[in-house]
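K.L.:
Predicted model and sequence follow; I will ask about them next.
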Amino acid sequence: MHSSPIIVTGSNGQLGQELRDVFSEAGMDFPVLFVGRDELDLSQPASIEPFFAKHQPAYFIHGGAYTAVDKAEQEKELAYTINAETSGEIAKCCSLYGTRLVYISTDYVFNGNGMAPYTTDTPCDPVNYYGYTKWKGEQLILAADPSALIIRTSWVFSAYGNNFVKTMLRLMKERETIRVVNDQRGCPTYAADLANAIVTIVLAWQQGNTHSGIYHYSNAGDITWHEFALAIQEEAGLACRVEPIPSSAYPTPARRPGYSVMDTQKITADFGVQSLPWKAALRDCLQRLGEME
């Protein structure tokens, strides 16, 4: 018997907080337990099995991760433990306890040399250590639990937490000019829309949908970071100048893929999840932040 039907890790992250909202709005008639570091320390793989023994969840949404992309280049051991090793342990326990697993992965599993949207069959070849740890996490999960479902997502923003949209709003109010890279192309993902997609999948499973494996999800439409910044500026009605620069003018410890657009058709085909346009999602986010013109 499953005593806590749904567990969500990363409860304080952008996705975790949006899932809280979506689950309460969906009026779920079973408990959802949101866990942060205090309840489940992902840097301690040995803590996973006792946690499962206690809670015996029906569903496990694993959004918790080591996400400091640049820091991961130095803190390799910690990033690997959390993103790969612990994720593998979670999958083992899901297999053992008959729990359905959703694992959130990243566009950073790709090398960024593509010219057309990556499908779920495109070979992985991460260019930074964070991407490598998430890719290893995917492999360990599918090896331990073939019924697991992996969602790769990209450029996540939300009304919660720290993200590009909130950083841009702050900088545009503080400065007359900001410079944003214009040679990295991808798709923004509104964490609220991703949360809705996840809840749709869980409900579909409850109704007998048996699909699993790797999926891609982002909002529709691809842009550069510079174009994203211009849209934020325009929608929020801010007067700041937004200048384009190449990535080489803004060096970071971790390399970023130059192109990380993902093909989302599979999640639509298998679960009916539609990707809404990123601009509509941005407007919704700005409205929630009280930043709309």
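P.N.:
Noted; the coordinates are in hand.
K.L.:
mind listing what residue 14 touches?
P.N.:
156-158, 160-161, 163, 191 (C-beta atoms under 8 Å, 6 or more residues apart in numbering). C-beta here means a position set from N, CA and C on the backbone, and glycine is covered the same way.
K.L.:
whoops, I mixed them up, residue 202
P.N.:
Going by C-beta under 8 Å, 6+ apart, residue 202 touches 6, 59, 61, 100, 102.
K.L.:
ok, of the contacts of residue 14, which one's closest to residue 227?
P.N.:
For the contacts of residue 14, the minimum distance to residue 227 (C-beta to C-beta) is 14.0 Å, reached by residue 157.
K.L.:
And that closest one, how close does it get to residue 208?
P.N.:
Counting by C-beta to C-beta, to the nearest Å, the gap from residue 157 to residue 208 is 34 Å.
K.L.:
Compare neighbour counts for the two and give me the winner.
P.N.:
Neighbours per residue (other C-beta atoms under 10 Å) separate residue 157 from residue 208, with residue 157 holding more: 26 against 6.
K.L.:
so who does that one touch?
P.N.:
Going by C-beta under 8 Å, 6+ apart, residue 157 touches 14, 163-166, 188-191, 282, 285.
K.L.:
Which one of the residues you listed is nearest to residue 131?
P.N.:
Among the contacts of residue 157, residue 189 lies closest to residue 131 (C-beta to C-beta), at 16.0 Å.
K.L.:
contacting residues around the residue nearest to the closest one when sequence neighbours are not counted?
P.N.:
Distance criterion C-beta to C-beta, 6 or more residues apart in numbering; nearest residue to residue 189, sequence neighbours excluded, is residue 218 at 4.3 Å. By C-beta under 8 Å, 6+ apart, the residues touching residue 218 are 107, 153-155, 186-189, 262, 264, 275, 278.
K.L.:
Just these: which are in strands?
P.N.:
153, 186, 189 (DSSP state E).
K.L.:
Excluding sequence neighbours, find me the nearest residue to residue 48.
P.N.:
Nearest non-adjacent residue to residue 48 (C-beta to C-beta, 6+ apart): residue 89, at 4.2 Å.
K.L.:
do residue 216 as well
P.N.:
residue 262 (3.8 Å).
K.L.:
Measure how buried that neighbour is and give me the count.
P.N.:
With other C-beta under 10 Å as criterion, residue 262 counts 28.
K.L.:
can you check residue 150 too?
P.N.:
Neighbours of residue 150 (other C-beta under 10 Å): 23.
K.L.:
Angles on the backbone of it, please.
P.N.:
Phi and psi for residue 150, reported as degrees, to the nearest 10, are phi -110, psi 130.
K.L.:
for the one 10 residues further on, same thing?
P.N.:
For residue 160, the backbone dihedrals (degrees, to the nearest 10) come out as phi -100, psi 160.
K.L.:
so it touches residue 19, yeah?
P.N.:
No. Judged on C-beta atoms under 8 Å, residue 160 makes no contact with residue 19 at a distance of 10.5 Å.
K.L.:
if you count what's nearby, which of those two comes out ahead?
P.N.:
residue 19 (26 against 21).
K.L.:
Quickly find the element holding the residue nearest to residue 48.
P.N.:
helix 86-97 (DSSP states H and E).
K.L.:
From the contact counts, what lies against that helix?
P.N.:
If you count contacts as 3 or more C-beta pairs under 8 Å, 6 or more residues apart in numbering; DSSP states H and E, helix 86-97 packs onto helix 48-55, strand 59-62, strand 100-106, helix 129-144.
K.L.:
of all the ones you listed, which lies closest to residue 39?
P.N.:
When those are compared by C-beta to C-beta, helix 48-55 sits nearest residue 39, at 8.1 Å.
K.L.:
Report the mean confidence score over that closest one.
P.N.:
For helix 48-55, the mean per-residue pLDDT is 96.
K.L.:
for that helix, which positions count as buried?
P.N.:
The neighbour-count check on helix 48-55 (16 or more other C-beta atoms under 10 Å) flags 48, 51-52, 55 as buried.
K.L.:
Spatially, which two of the residues you listed are the most separated?
P.N.:
Farthest pair in those (C-beta to C-beta) is 48 and 55. Separation: 11.0 Å.
K.L.:
got any ranges where the stretch 1-150 of the chain has weak pLDDT?
P.N.:
1-4, 27-29 (pLDDT under 70).
K.L.:
Done for today, thanks.
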